[in-house]
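K.L.:
model the following, please.
(chains A and B)
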Amino acid sequence: MERVELKKPSLCTARPLTSASLREALRVMQMMVTSCYGPNGRLKQVHNGSGGCVTTTSHSSALLGGLSLSHPVLQVLVASIRNHISTFSDCGLFAAILCCNLLERCLRLPLSSHKMIRITKSLLDVCLTYLKSEDCACKVNVDFTHSRWLLDMTRSILASKPACMMTMKEVDHVSLLIVKSFLHKVPSESGPDRVLGRTLTVTIEGPSVMQSAFVPGMLIEVSPYSWSRLMPSSGPPSADVTLALFSVSLCGEFSDAGDGAVEVMAGVDPEKVILDELIVLGKQMVDDHVQILLCQKVIHPSLKQYLKERGVLAVDRIGAALMEPLTQMTGAQPIASLCPAPTTCYGRLRQISQVSYGNKQYLHLVPYETAVCSIVLCNRNETSVKELKRTCQTAEHTLNLLLKDPWLLLGGGCTEAHVAAYIRHKSLSVHSRYLKELGCTASEYKLVADCFCFAFEAAARSLEHDGGEVLTDLQDGHFWSVPPDIDGEHVDTKHVCGCRLLNKGDGPRWTVLGSPYEPFSPRNRTEISSLLLAKETLVLDSFTAKCNAIRVAVDTTGLILDVAYVIKDEN
Amino acid sequence: MGLLIDGNEVAQMQSHTEHLNFGKILQVAESLENILHGCFGPEGGQVMFIKSTGDLLITKDGKRILECLLLDHPVARMIVNSASRHYSITGDGVKSFVLLLCAVLRELQATADKNEGLLLSGKATLKNQYQRQGHASRRLSSLLLTFQSRVLDCLMAEHLSPHFLSVFSNAEGNLTLCRACIQQTLGTFFSCRVGCNIQGFMSRLTCDYLYRCFQLTGEIPSVVRIVSKYFSELVTEVPGVPVDNSRILPGLILHRTFSVHCPAEGEVRALVVTEQISQCLSQTDVGFVVSSDVQLLQSQLYLRQRTEHIVKLLQQKEIKIIFSSVKQHDILLYYAKLCGISVVDCIPSEEIDLLCMITGVSPISVPLSDNFLTQSFLAASCKPIVFGCKKYVHLALESPLVFKPHSLVLCGPVKGLTEQLVSSFHGAFIMLTQLFQPFYAAQKEPSNNVDFCLRKQTEEQSGSSGGFQNDSVGFGSHLENNNDQAVPMHLILSKGEDPACASGECSGVGPPSCICQDTGSMCFNEADRKRHQELFTIHGNSSNSVVLTNNVSFSNIGLVFPGAGAFELLLKDGLHMFARTCQEAELASICTVFGNALLSIPGKIYKTKSGQFSFPLYCVEINKKLKHLDSLSIAEMGLEPVSCKYQLLTSVVQCISQLVTINMVVGVKNIKPT
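P.N.:
Okay, the predicted model is just below:
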């Protein structure tokens, strides 16, 4: 029964942005995301007070997904970043840092919010145009004939999550597996009905990371107890295996009787009828020389027994998630009726074998084409294996994005510092007609441009967690981090910048990143392109994800600045 | 069963009563105004709602804001209802409604305070204070209605119609829609509805969408009506992607994904079903009796074969897609996959309706009749499409109707914002529907007041009148045109009327002029206007060649007015002028009240802008711009549809006339049915 209650009136807060509670909440948020960022970031433990799952992570999807926020403005911020992460999987923390810093600085400016929104939007356009232009000096064109760019990028992503607790050798090993599975996934010829393959991930807790492996085909977990019951006496089928895939339930239940009433008279046994049908089906399988039968749902024990006696391996309870990869891998069509099926529905496998990883047993199905493959990820404990799985999925998604936009950005904070230098230089010379369109003066434009650049530099500076100094050079605008015990001047020439592109030679002057400096125009692409090709390993970031993260951060800032009231329904 | 109310209940009801007087109504209205005035106008901010479920909504839409507030007072709820009704006609103006309402109420209160005898006091002969008050409020209410019908309509026709602009332009004798005008109108609409950084983008997108949907200019009103009716099926919301990724796609987007997908190139033949194709043993209200094992086996076999047979028949006739509004059984999906037929099921019934309307087919029934092929249609292509992280079906069609179906994909960073974009898009099309409806102000002659007519005519013909300082020059020249061309114009609107009564109001809507897109300059000069009118007169005579294919007279469709408060300022001047010469004192004071209240809207818009001028100087600026209209000043001022502005005034007047007649609020206990 519904309870009729007097409804409480809504609570209306005017001008929420000036309130102290918002600033406080923003500060806490900023501290949290800044401290997790990068390979030297600190981990966070997310749990609720009443028991339940505990996650230790620095990955933005797990972190932001586990938070419960009270302030509505923060809810908007987190919602929009989570949307970004669900589409791109990377640069979530970067977007959060950028947004919090931009918001905090813009709130201190004396301009009207509409003006600030317009100017930040125009700065965003300047920034994105530069990044997408041909002579951007911080992007790298991916050449798919070499694997080094793919390996570099995957290595950068894996190394940026400290919760995985991997050494450099382990990082190299796992990134090799990921790139290998990606290359298997992409079809070798292009055509109208070519689809991308799939990579399935199997996680195992216990063994060390070096035992992770790349396995072509699919692994289906089978408990050791039921292994002996499943396997026909002749052993697993050897070569050139015919496979039948069922998506309907073979458990013998008389289920689809329709909406009305079905009366069963005495003496009629519906279950027996259906079991007879199932046996007939099994007989047909045997006659068609099917060697393995996979069912998404449950198989009747009598049918299993019947098949086992005739040398057919029957595996059930596969689940809906594996049906599509199986279809793609073997060419089998899932059969959904108990009628005799045409032989075109059967699929083919190269081989079936039994393998074990850790202390689990798997049935390994090896197909003819290797578009579908599996990666077995091992790590010492549950926390690190979960984080490793998340990170590998991010890496895989980013590699997929490369197929559409084959560009990468220099990582390690160098792109952010470079873009900040470029925008500072550009904002000095804005055309007066453009200012008139925006409706602001040149000094107002410069104020907002300063905040914008400050946010980028803050994002770069958050990579440094150990108390060292962050410098930038006045020639290219890259990011240099100096450990705390060494003086700025006495850094040796082998020191490299954040993306490992530039060496510290003599020549470029230095300044602390974030302090005001004389705006300069960074060197353009042609001058450093030779360096790009020569270097061994670089730290690289995804281009699409980062551009979208910048856009999401600026759009969300604009959205929040525009809010005049917050009305809360107290019921 | 009579209504038996015992004394206890009466006492309870009396304890819930509240006497309502004018001041209380004003108080309630002002509390609503307080919330809305921060979001009014292009410079206003947005409101963030946190619903009790935890969902967030970010909006600038007045109707949404008012409806999300849980209002207690019945007067407030009445005001919100009137505002919502106004919105459902015009698609806009809820905030202006509340602001204007408050301003009029304040002015009425101020007038009543100033001169006691006039408005809010009743007949002196009534001794009872209560009766006097009742009489006063009834009188006020009828005064307001008279004001609307007699004064407002006439003023619209005379003072304001010379300034009406049309979104249609005629070059070389055929009527085309002027794109710049439509975009300007939409720009003004969106500047008050969405955030400042996406306003230009949204108005361009909506204008693009309108242009792609119609073929002939004459069909625009029906196209706009169709879009407005089916808008939720034509729009796809995609949260999580930046706003700039919104785009228009030809054809329909169905908000479901393929259950079975068999890729097919080129044209495909498709069918629509609304029931299950495969059958089960029993159905609702039909029972099935199983009397032997064999019977059960055979029945199940028969059912499976029936489905297979139907699907094979469809395959033979080269049907490639089935659109179903119910969930189809797995066995049908299996056979469809074997025969290479794609299936999309669980489509909402409104999308099925839209699909049937566009393609002209009706859903087939199973068992298949012999001529089911006539109910199938050809689609140019049907492919899966991905937005954000969801998959949809994209259907490209050739439509035999006048409406070329296009789908709009609206993106936004969070769900609360995409909802706002969708609802403002809907509001834009409601406004466009209103824009393309004929605007008949003062079509009927005021039947019982011929002196009134004549008095106004003599006034105008005297040319200038004292105190009418703003555009007497312009007014005079327009007036000459009116008097010269009054007779032919009259023939169009009411064909057989007495031409002797060709006074100001009967000429109804004056010849509208338009900004030529090609030349970029206003064709506001005499020669062009004469040409305009000749075109319309040709239509009236019907012996010469008719320009428009259907009988709709395009002379009073698509009328717009310059924005930024110009309408209110002009109307206010007209009202003041009328009040000066009106014989009835009460009507005159209503006119003054209304005229003063109208200033509040441009006043609020002006306040939020920062500038060097003071408000009176701003008014002078506007008047100057009106005199010499060119495309640059139009771009600064914006355009608004005339019928929407007129509707706002009438809605406010009717709402106030209802409100002032209430003098008691009675709380009623919910009587439980026995």
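
K.L.:
can you tell me the closest non-neighbouring residue to the residue in the stretch 151-300 of chain A that chain B sits nearest to?
P.N.:
Nearest residue of the stretch 151-300 of chain A to chain B, counting by Cβ to the nearest Cβ: A:Gly258, 3.0 Å away. Heads up, the C-betas are built off the backbone N, CA and C, glycines and all. Nearest residue to A:Gly258 in three dimensions, chain neighbours excluded: B:Cys280, at 3.0 Å (Cβ to Cβ, 6 or more residues apart in numbering or on different chains).

K.L.:
can you count the residues close to the residue of the stretch 151-300 of chain A closest to chain B?
P.N.:
For A:Gly258, the neighbour count with other Cβ atoms under 10 Å in any protein chain shown is 17.

K.L.:
domain parsing of the chain, as residue ranges.
P.N.:
Chain wasn't specified; assuming chain A. Here the domain parsing of chain A from automatic domain parsing is A:12-137+A:410-568, A:218-256+A:267-369.

K.L.:
wrong one, I was asking about chain B
P.N.:
B:19-137, B:178-250+B:406-439, B:252-283+B:291-404, B:442-556.

K.L.:
looking at those, which is nearest to A:Gly197?
P.N.:
Nearest to A:Gly197 among the domains of chain B is domain B:252-283+B:291-404 (17.4 Å), distances taken as Cβ to Cβ.

K.L.:
A strand includes B:Lys315, no?
P.N.:
Check again: residue B:315 is Gln, not Lys. No: residue state for B:Gln315 (DSSP: H, G, I helix; E, B strand; the rest coil) corresponds to helix; a strand is not indicated.

K.L.:
helix/strand/coil for the residue lying closest to B:Leu598 once chain neighbours are set aside?
P.N.:
Spatial nearest neighbour of B:Leu598, excluding adjacent residues (Cβ to Cβ, 6+ apart): B:Glu568 at 4.4 Å. Secondary structure for B:Glu568, judged by three-state DSSP, is helix.

K.L.:
what about B:Glu568, neighbour count?
P.N.:
For B:Glu568, the neighbour count with other Cβ under 10 Å is 25.

K.L.:
doesn't B:Lys604 make contact with it?
P.N.:
No: if you go by Cβ atoms under 8 Å, B:Glu568 and B:Lys604 don't touch, sitting 10.7 Å apart.

K.L.:
any idea how far the residue of the stretch 151-300 of chain A closest to chain B is from A:Leu377?
P.N.:
From A:Gly258 across to A:Leu377, the span is 46 Å (Cβ to Cβ, to the nearest Å).

K.L.:
buried sites along the lengthiest strand in chain B?
P.N.:
When chain B is parsed with DSSP state E, its longest strand is strand B:377-387. Within strand B:377-387, the residues scored as buried using 16 or more other Cβ atoms under 10 Å in any protein chain shown are B:Phe377, B:Ala379, B:Cys382, B:Lys383, B:Ile385, B:Phe387.

K.L.:
quick check: the first one vs chain A, distance?
P.N.:
Distance of B:Phe377 to chain A, given as Cβ to the nearest Cβ, to the nearest Å: 25 Å.

K.L.:
these two touch, right, that residue and B:Val361?
P.N.:
Yes: judged on Cβ under 8 Å, B:Phe377 makes contact with B:Val361 at a distance of 5.0 Å.

K.L.:
and the closest residue to B:Ala635 other than its chain neighbours, how far is that from B:Gln437?
P.N.:
Sequence neighbours aside, B:Gln184 is the residue nearest to B:Ala635 in space, at 6.7 Å (criterion: Cβ to Cβ, 6+ apart). From B:Gln184 over to B:Gln437 the distance is 20 Å, taken as Cβ to Cβ.

K.L.:
look at those two and report which has more neighbours.
P.N.:
Set B:Gln184 next to B:Gln437 and count neighbours by other Cβ under 10 Å: B:Gln184 wins out with 26 against 17.

K.L.:
and that one, what helix or strand is that in?
P.N.:
B:Gln184 belongs to helix B:179-191 when assigned by DSSP states H and E.

K.L.:
which strands or helices does that helix pack on?
P.N.:
helix B:199-213, helix B:415-435, helix B:631-637, strand B:639-641 (3 or more Cβ pairs under 8 Å, 6 or more residues apart in numbering or on different chains; DSSP states H and E).

K.L.:
related to what we said a few turns ago, chain B: which of the domains of chain A is closest?
P.N.:
Going by Cβ to the nearest Cβ, the one of the domains of chain A nearest chain B is domain A:12-137+A:410-568, 2.6 Å.

K.L.:
is the closest one anywhere near chain B?
P.N.:
Yes: counting by Cβ under 8 Å from any Cβ of the partner chain, chain B has neighbours in domain A:12-137+A:410-568: A:12, A:14, A:16, A:72-73, A:75-76, A:79-80, A:83-84, A:86-87, A:112-114, A:117-118, A:121, A:548, A:551-552, A:555-556, A:558-559, A:562-568.

K.L.:
out of these, list just those in strands.
P.N.:
Within the residues of domain A:12-137+A:410-568 next to chain B, residues falling in strands by DSSP E are A:Cys12, A:Ala14, A:Val563, A:Ala564, A:Tyr565, A:Val566, A:Ile567, A:Lys568.

K.L.:
weed out the non-buried ones from the residues you listed.
P.N.:
The neighbour-count test (16+ other Cβ under 10 Å) marks A:Val563, A:Ala564, A:Tyr565, A:Val566, A:Ile567 as buried among those.
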